[in-house]
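# Sequence and computational prediction follow.
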Amino acid sequence: MKPTLLIVDDEKHTREGLRAAFEDAYEVFVARDADEAARLMQDVPPVAVVTDLRMAGENGMTVLDRALKLSTHPVCVMMTAYGDVDTAVEAMRRGAYDFLQKPVDLRKLTLVLERGLKARSAEDELTRAHTRLDRKFALGEIVGSSRALQDAVEKVRQVAPSNATILLTGETGTGKELFAQMIHQNSRRPKGPFVPVHCAAIPANLLESELFGHEKGAFTGAAERRTGRFEAADGGTLFLDEIGEIDPPTQVKLLRFLESRNIERLGSHKPISLDLRLVCATNRNLEQMVKDGKFREDLFYRLAVVPLRLPALRERRDDIPLLLAHYLQKFSKENGVTAPRLMPASVTLLCDYAWPGNIRELRNTAENLVVLHPGKDIQPNDLDSRLRQTSAPAAVLSSTPSVAHPLDRGENEKRLLKEALTQAQGNRTKAAELMGISRRTLHRKLVQWPELDTGTHD
């Protein structure tokens, strides 16, 4: 079903013009004043409201206040021919999503509504993300609703109660330790310890002792007995991150544990029986390492009883607004400041950015924005320059040359429309399908850019 949009304006040609412009994408209702708007909002609660400020009778602020008292707050956009800073600030303070001057730029209003609805959806999803997937299922900071993430979470749901060894794979920064914690929290040992070990951070000559412990005098400098991480994790979960970095001798001892569930401290031949869940993670290709002779094949198969690949952030772009909202709230609360607000253009850039550092990079970006811009509206220029380097739009264009202003939405849209018409050989219906828009919308675009109209129709 189309989302419901309420347009409130005492000028008939304005409200009817906006109705015509948005009726393809929305179920549009119009009202000539605040009273009529109130009745419509009660009958059909809108997901978005566009209201004029100055009208006969009660003004747009009254419409805004009533809209925000609805059980589900709509995205509210204020428009006025009398735009001044004080009015804009007051509207935003009361809860308006944005403030536009008349005559309203339809492209800008379209973008504002799209981004507003996406941001509102992200806020709602963020609230639901911590309570769904069974209330007993602890998600911690794992936030998102994309299919790729849900598939990974569903697999955890299936395997967490078992005793199977799990191998988490994926790029750096995809949240492997968070998933390991979720596995532990939903295992048969949630009250036991969760012991993480970052294998690459421990020198190779110390790793074996760190994991398995040692007896007094086992080597030079071993002045007393030491309990290793395996023993520390008894009754719980041992998480070995960057497992691909362990040396051959440690690989042998790890394999022995998986086969016998016993370990021996360095300098001792007395087996110690342990009851723990082993979860490992790597960002390396262990299968290729096996082929290259750098990792034991028998150990690989023991570790990968249940392989679980975590998706990169670029594979779950729909989750980016959710994650940004989550971390902006988190760091604002930690620092005792008001959360900054991402403007639509900034959200667009952040959703288009490739995020090579994945969630870890996004988390650091959110913290940076909170520290440097508390309570501020974040415009594109407030973002680090690297975040403004976006990939080309993934529409019908696959090999279109770059343009002078890659962030000019209008020029990009015009260029895509031209390419779509070329590929469709002037057939407007086919061109609209390629663009993912209605034929009526395409017609409006051709009225806006008549030079693109080849004169060929369906």
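Thanks, I have it.

# what's residue 197 sitting at in phi/psi?
phi -130, psi 120 (degrees, to the nearest 10).

# which ones are touching it?
Residues in contact with residue 197 (C-beta atoms under 8 Å, 6 or more residues apart in numbering) are 210, 211, 229, 238, 239, 240, 241. Backbone N, C-alpha and C define where each C-beta goes, glycine included.

# The second one contacts residue 231, correct?
In other words, residue 211. No. Using C-beta atoms under 8 Å, residue 211 is not in contact with residue 231, being 9.6 Å away.

# Common neighbours of these two, please.
Overlap of the contact sets of residue 211 and residue 231 (by C-beta under 8 Å, 6+ apart) is empty.

# before we move on, the earlier item: just the buried subset of the contacts of residue 197, please.
When those are checked for burial by 16 or more other C-beta atoms under 10 Å, the buried set is 210, 211, 229, 238, 239, 240, 241.

# just checking, which of these belong to helices?
Judged by DSSP state H, the subset of those located in helices is 210, 211, 229.

# Might one say that the last one is in contact with residue 211?
Yes. If you go by C-beta under 8 Å, residue 229 and residue 211 touch, sitting 5.3 Å apart.

# Show the low-confidence segments of the stretch 351-458 of the chain, by residue range.
Along the stretch 351-458 of the chain, the parts satisfying pLDDT under 70 run over 389-413, 433-436, 438, 440, 447, 454-458.

# again, 50 this time
Where the stretch 351-458 of the chain drops to pLDDT under 50, the residues are 391-409.

# Please, where are all the strands along it?
377-378 (DSSP state E, counting those that start in this stretch).

# can you map out the strands along the chain?
Remark: strands assigned in the chain by DSSP state E are 4-8, 27-31, 48-52, 75-80, 98-101, 166-169, 194-198, 237-241, 262-263, 272-273, 277-282, 306-309, 341-342, 377-378.

# got JSON lines for those strands, with distance to residue 321 too?
Formatted as JSON lines, the strands of the chain follow (distance: least, C-beta to C-beta, whole Å):
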{"stretch": "strand 4-8", "distance to residue 321": "21"}
{"stretch": "strand 27-31", "distance to residue 321": "24"}
{"stretch": "strand 48-52", "distance to residue 321": "17"}
{"stretch": "strand 75-80", "distance to residue 321": "14"}
{"stretch": "strand 98-101", "distance to residue 321": "16"}
{"stretch": "strand 166-169", "distance to residue 321": "25"}
{"stretch": "strand 194-198", "distance to residue 321": "29"}
{"stretch": "strand 237-241", "distance to residue 321": "28"}
{"stretch": "strand 262-263", "distance to residue 321": "46"}
{"stretch": "strand 272-273", "distance to residue 321": "49"}
{"stretch": "strand 277-282", "distance to residue 321": "27"}
{"stretch": "strand 306-309", "distance to residue 321": "24"}
{"stretch": "strand 341-342", "distance to residue 321": "8"}
{"stretch": "strand 377-378", "distance to residue 321": "13"}
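
# Could you tell me the least trusted of the ones you listed?
Ranked by mean pLDDT, the strands of the chain bottom out at strand 98-101, which scores a mean of 85.

# List the contacts of stretch 56-69.
Against stretch 56-69 from outside (C-beta under 8 Å, 6+ apart): 6, 8, 10, 33-35, 37-38, 41, 46, 49, 51-54, 73-74, 76, 78-80, 90-91, 94-96.

# For PyMOL, write the select line for the buried members of those residues.
Here is the PyMOL command that selects the buried residues among the contacts of stretch 56-69 (16+ other C-beta under 10 Å):
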select buried, resi 6+8+10+33+34+37+38+41+46+49+51+52+53+73+74+76+78+79+80+91+96
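
# Next, the contact list for residue 27, please.
1, 2, 3, 4, 5.

# Measure how buried residue 13 is and give me the count.
The number of residues packed near residue 13 is 8, by other C-beta atoms under 10 Å.

# For the remainder of this discussion, apply numbering that starts at 74.
Right, with 74 as the first residue, what we last looked at is residue 86.

# Report pLDDT for it.
Taking residue 86 on its own, its pLDDT is 90.

# and if you look at the one 10 residues further on?
The predicted local distance difference test score for residue 96 is 91.

# Residue 339 touches residue 283, doesn't it?
No. The criterion here is C-beta under 8 Å, and residue 339 misses it with residue 283 at 10.3 Å.

# Can you give the contact residues for the lengthiest helix in the chain?
Counting residues, the longest helix found in the chain (DSSP H) is helix 179-202. Contact partners of helix 179-202, identified using C-beta under 8 Å, 6+ apart, comprise 76, 78, 91, 94-95, 120-121, 123, 146, 148, 150, 152, 170-171, 173, 212, 216-218, 394-395, 397-399, 402, 415, 417-418, 420-421, 482-483.

# Number of residues surrounding the nearest residue to residue 143 once chain neighbours are set aside?
Excluding the flanking residues, the one nearest residue 143 by C-beta to C-beta, 6 or more residues apart in numbering is residue 118, at 5.4 Å. Residue 118 has 15 neighbours, counted by other C-beta under 10 Å.

# Looks like residue 118 contacts residue 110 (just checking).
No. Contact criterion C-beta under 8 Å: residue 118 and residue 110 do not qualify, at 11.9 Å.

# Which residue ranges make up each domain of this protein?
77-177, 220-383, 387-461, 482-525 (automatic domain parsing).

# Please report the separation between the first and final residues of the second one.
When you say that, I think you mean domain 220-383. Start and end residues of domain 220-383 are separated by 12 Å (C-alpha to C-alpha, to the nearest Å).

# So what's the residue count around residue 352?
For residue 352, using other C-beta under 10 Å, the count is 30.

# Now do the contacts for it.
Residue 352 neighbours (C-beta under 8 Å, 6+ apart): 238, 239, 241, 253, 256, 257, 310, 311, 312, 313.

# what about the fifth one, how many neighbours?
Here the neighbour count serves as a burial measure; for residue 256 (other C-beta under 10 Å) it reads 24.

# Same check on the first one?
In terms of burial, residue 238 registers 16 neighbours under the definition other C-beta under 10 Å.

# Could you check the pLDDT of it?
For residue 238, pLDDT reads 94.

# Could you double-check that it lies in contact with residue 376?
Yes. Residue 238 is within contact range of residue 376, at 5.8 Å (criterion: C-beta under 8 Å).

# what residues are shared contacts of those two?
In contact with both residue 238 and residue 376: 331, 351, 353, using C-beta under 8 Å, 6+ apart.

# Chain neighbours aside, what residue packs nearest to the first one?
For residue 331, ignoring the flanking residues on the chain, the nearest one in space by C-beta to C-beta, 6+ apart is residue 375 at 4.5 Å.

# Let me see the contact set for the one you found.
Per C-beta under 8 Å, 6+ apart, neighbours of residue 375: 238, 328, 331, 332.
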